[in-house]
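# following is a predicted model, sequence given first.
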Amino acid sequence: MQDTHPLLRNLNPPQREAVQHVKGPLLILAGAGSGKTTVITRRVAWLIEEEGVHPSSILAMTFTNKAAGEMRERVQKLVSVPTEQLWVSTFHSFCTRILRREGDRTPVGRDFVIFDPSDQKALIKQVLAELKLPEKQFHPKKVLEIIGDWKNRCLLPEEAREEALDAWTRKALDAYSLYQTGLKNHRACDFDDLLLHTERLFRDSTVQAIYTERFKYLLVDEYQDTNRAQYLLVQHLAKHHHNLCVVGDEDQSIYGWRGADIRNILDFQHDFPEAVQIKLEQNYRSTQKILDAASTVIANNSQRLGKTLWTQLGEGEKMVFKLTDEGRLEAEWVVDRIREERARFPDAKMAVLYRANWQSRQLEEALRAMNMPYKLVGGVKFYERQEVKDLLAYLRLLSNPFDQVSFRRAISSPSRGVGPTTMARIAAAIPEGGTPLEGAWALLKSGELKGRAQREVGKFLDLFRRGTGEISTTGLAGLVRWMLVESGYVQMLEDEATLEAEGRLRNLEEFVNAAADSESLGLRLPEFLDRVTLASDTDQLEESAQLSLMTIHCAKGLEFPVVFMVGMEEDVFPNRNARETDDGLEEERRLFYVAITRAQHKLYLSAARRRRMMGQEMLGMPSRFLRELPADALETPIRWGTELYQSGQGAFSAPRPSQGGGHSVASELQRIRGMFDRTRTAAEVVPESAPGSVISLEPSNGSWPKGTRIRSPRFGRGVILGSTGSGDGLTYTVRFEGGEKRILARFGMLELAGD
DNA sequence: AAACTTTGGTATCTT
DNA sequence: ACCAAAGTTT
């Protein structure tokens, strides 16, 4: 073996074949944990080192920005030349780059902003109002969904018109048309536009030629999750040389709802009849029991090319399933098992997976009660937090003054006395082809604004006048800090003096840090804004976290020695909305397959008979997927045997107290639980009775004891109910006339009430 | 005319 | 349990 080429070392035969394949189309069907990343990085290295391909001739598409960064790093370690010119990115980042270069030919030019979903929503609402379409019938979300469908299929409004049939869809199409006009006026692209516009661009043979000549070798990872637009982009780029390597696993296709088309991978050999197909079936991640479970489950799907995973890692431990009575108990059970596993394997990284983000809450509560640190991935994303979005609105407006959505957002926080009416007048005052700032300026000059609005709008315009100067003189982080202070945003939060405001200030500090990081990479404001908007959840995942909580979607591509899959109930998983169609159900099953195959050594599954969902106690049935697990992969057989579960065919919810008379099981349980909750609250009010309990009294070093009467400049008179933390973190709970508030001592400017 | 408060409706997954 | 619209107050 000593004469093996270093790039082929430790590879099995199909892996070697894949690495050494150079010319022509190649389909790599990579099962979960089959060493896919190793193979594609080595293959890129092989092209560079052995075939003498210049890194700038290679284009690799990954699913996340993080994956892109890792891939570049890993390739760099394998080759002797610098890899800066290697193009590795997500489809969206790639398209952004292209549009920034070639964008003069698109409706939005080169200096567009990227609209995230909340911007999209703001815009579509304006459009619906303009078209007088009631939001009751035309849910902004639904309309955006169908627009997204069209875009993902590369259909512009005129093209979609040919297939629009029913009245609702026709109206939605009108909205699409106006929405695109709106984006154009704002010089903005939504996520889908990035792909759509780039695909249009590549239809032009001269533009296409530039890039097909440049990128002689293409690699697309996660090919099973590409949509029509991405598919067409790939076709354009590979049209002449056919040096296209796609990697994927049809069993892990889980983005159908976002337009991904599993047929792209199923039909690859139809698109490229000369394609070579390689299957990677040896799994290096999981033990046999886990693979057995995964294989048995996925065998129930029909849309497959078919693979048989095998491993040399041995039998391994059986999976454990636990059925608990209630969601809280399920969370507590998970926490107990985590502690056990931690005792067994102190360094093992673990993950708790769930179908939807709302399921994380109960887990978080249980973990916090036990003081166990964890990392929550996804959920409310950092860059989508209100304060961060507000700050971004200022920065985006600075970078692109046409962006009216950002204008609205920036001018209303902190509030400047500009409400809907004044806003409409500003919008009306925008000169043809002008910016909202010019509109505000025109209105101000006309003298129609009075009092506070006049003063504040003047200051606001001045802020941006000065801001344009700051861009050239101050660094990125300095600019961000300048904007925070000069806009009055920091002042507003400090005045609030609540715990929540303190958290927001901390997030903004974090944002300034991110800006400083980007600055050190040489990024300027526009690039920084792109980066921030295109950042994904998993990009921020710290590998170091010992315990991570995330959705299955977020966990794709990751592995953990110990995995917990919670909420194995009908209507939760498979999700209620997916159970209607076969396709939906198959995708849910693939999702389960992805969840199972994240586990290296041990997999725990759990369900709860009862769970609070949307504020109501719901009774659930165990997930149908549990029935698909092979009995001998489980430690103990799954017991179905309670009356509740035998009684119904599908899941059912307890009747609401208002609709069904009498006492349903759920309402009864809710009452009992409510009593329990009250008892606990009572104990908290009298902490003396429970010395050394979980609810501990902080030592009152320099803090006011409870019962102290104080006065706050903001909220008036109040009584201290208690305090937590110390030093800068010292926080009082105060009951004011208007209700209870948590107030930071540092900012609250509390003083003893005189009398 | 804006800002604050309450109520009512609605919830997958995400680049 | 959360967010957004209607209702209410200044």
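Structure received. Numbering: from 1, shown residues only, chains lettered A, B, ... in the order given.

# ok, which stretches of the stretch 201-350 of chain A are strands?
All strands of the stretch 201-350 of chain A, identified by DSSP state E, counting those that start in this stretch, fall at A:217-220, A:244-248, A:276-280, A:282-283, A:310-311, A:320-326, A:350-354.

# nearest to DNA strand B, of those?
Distance to DNA strand B, taken as C-beta to the nearest atom of the strand, is lowest for strand A:350-354 among those, at 8.3 Å. All C-beta spots, glycine's among them, are computed from the backbone N, C-alpha and C.

# which helix or strand lies directly C-terminal to that closest one?
Using DSSP states H and E, the next helix or strand after strand A:350-354 towards the C-terminus is helix A:360-369.

# what is the orientation angle of that next one with strand A:350-354?
150 degrees (axes from the mean of the first three to the mean of the last three C-alpha atoms, to 10 degrees).

# what's the following helix or strand after helix A:360-369?
Next helix or strand after helix A:360-369 toward the C-terminus (DSSP H and E): strand A:375-376.

# returning to what we had before: same list (the strands of the stretch 201-350 of chain A) but as a markdown table, adding mean neighbour count and mean pLDDT.
Converted to a markdown table, the strands of the stretch 201-350 of chain A look like this (neighbours: other C-beta atoms under 10 Å; pLDDT from 0 to 100):
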| stretch | mean neighbour count | mean pLDDT |
| --- | --- | --- |
| strand A:217-220 | 24 | 96 |
| strand A:244-248 | 26 | 95 |
| strand A:276-280 | 18 | 95 |
| strand A:282-283 | 20 | 95 |
| strand A:310-311 | 16 | 94 |
| strand A:320-326 | 18 | 90 |
| strand A:350-354 | 26 | 94 |
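
# can you check which of those strands gets nearest to A:Phe112?
In terms of C-beta to C-beta, the element of these nearest to A:Phe112 is strand A:217-220, at 25.2 Å.

# any bit of the closest one sitting next to DNA strand B?
No - with C-beta under 7 Å from any atom of the strand as the criterion, DNA strand B is not reached by strand A:217-220; the gap is at least 13.2 Å.

# and that strand, what other elements does it pack with?
helix A:36-49, strand A:58-62, helix A:228-238, strand A:244-248 (3 or more C-beta pairs under 8 Å, 6 or more residues apart in numbering; DSSP states H and E).

# now render those as CSV, adding distance to A:Gln20.
Formatted as CSV, those follow (distance: least, C-beta to C-beta, whole Å):
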stretch, distance to A:Gln20
helix A:36-49, 6
strand A:58-62, 16
helix A:228-238, 20
strand A:244-248, 12
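
# ok, which residues in the stretch 101-250 of chain A are in contact with DNA strand B?
Close to DNA strand B, as judged by C-beta under 7 Å from any atom of the strand, the stretch 101-250 of chain A has residues A:117, A:136, A:139, A:141, A:191.

# go with 6 Å
A:117, A:139, A:141, A:191 (C-beta under 6 Å from any atom of the strand).

# most neighbours, which of these?
A:Phe191 (20 neighbours; other C-beta atoms under 10 Å).

# surely it touches A:Ser93?
No - when contacts are counted by C-beta atoms under 8 Å, A:Phe191 is not listed as touching A:Ser93 (11.2 Å).

# and the closest residue in space to A:Asp190 that isn't next to it in sequence, what is it in contact with?
In this structure, A:Asp190 finds its nearest non-sequential neighbour in A:Phe115, 4.5 Å apart by C-beta to C-beta, 6 or more residues apart in numbering. With contacts defined as C-beta atoms under 8 Å, 6 or more residues apart in numbering, A:Phe115 is in contact with A:123, A:183, A:186, A:188-191, A:405.

# recalculate using a threshold of 10 Å.
By C-beta atoms under 10 Å, 6 or more residues apart in numbering, the contact list for A:Phe115 reads A:121-123, A:182-183, A:186, A:188-193, A:396, A:403, A:405-406, A:533.

# hmm, back to that, who touches both of A:Phe191 and A:Ser93?
A:Leu534.

# what about the helix or strand containing A:Arg200, distance to the chain center?
Using DSSP H and E, A:Arg200 sits in helix A:191-203. Distance, stretch centre to chain centre, for helix A:191-203: 22 Å (C-alpha atoms, centre = their mean, to the nearest Å).

# kindly report the same for stretch A:597-604.
23 Å.

# just the C-alphas of it, formatted as PDB.
This file holds the C-alpha atoms of stretch A:597-604, laid out as PDB (Å, rounded to 0.1, in the frame of the first residue of the first chain):
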ATOM      1  CA  THR A 597     -28.500   8.400  10.200                       C
ATOM      2  CA  ARG A 598     -27.100  11.400  12.200                       C
ATOM      3  CA  ALA A 599     -26.400   9.000  15.100                       C
ATOM      4  CA  GLN A 600     -23.100   7.300  15.400                       C
ATOM      5  CA  HIS A 601     -23.500   5.100  18.500                       C
ATOM      6  CA  LYS A 602     -26.800   5.600  20.200                       C
ATOM      7  CA  LEU A 603     -30.200   6.700  19.200                       C
ATOM      8  CA  TYR A 604     -33.000   7.600  21.600                       C
END
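
# how close does the closest residue to A:Ala32 other than its chain neighbours get to A:Gly522?
Nearest non-adjacent residue to A:Ala32, counting by C-beta to C-beta, 6+ apart: A:Thr597, 3.7 Å away. The gap separating A:Thr597 from A:Gly522 is 39 Å, by C-beta to C-beta, to the nearest Å.

# give me the more crowded residue out of the two.
Applying other C-beta under 10 Å to A:Thr597 and A:Gly522 shows that A:Thr597 carries more neighbours, namely 30 against 8.

# phi, psi for A:Ala356 please.
phi -130, psi 150 (degrees, to the nearest 10).

# next, the distance between the ends of stretch A:572-585.
12 Å (C-alpha to C-alpha, to the nearest Å).

# buried sites along it?
A:572-575, A:578, A:584-585 (16 or more other C-beta atoms under 10 Å).
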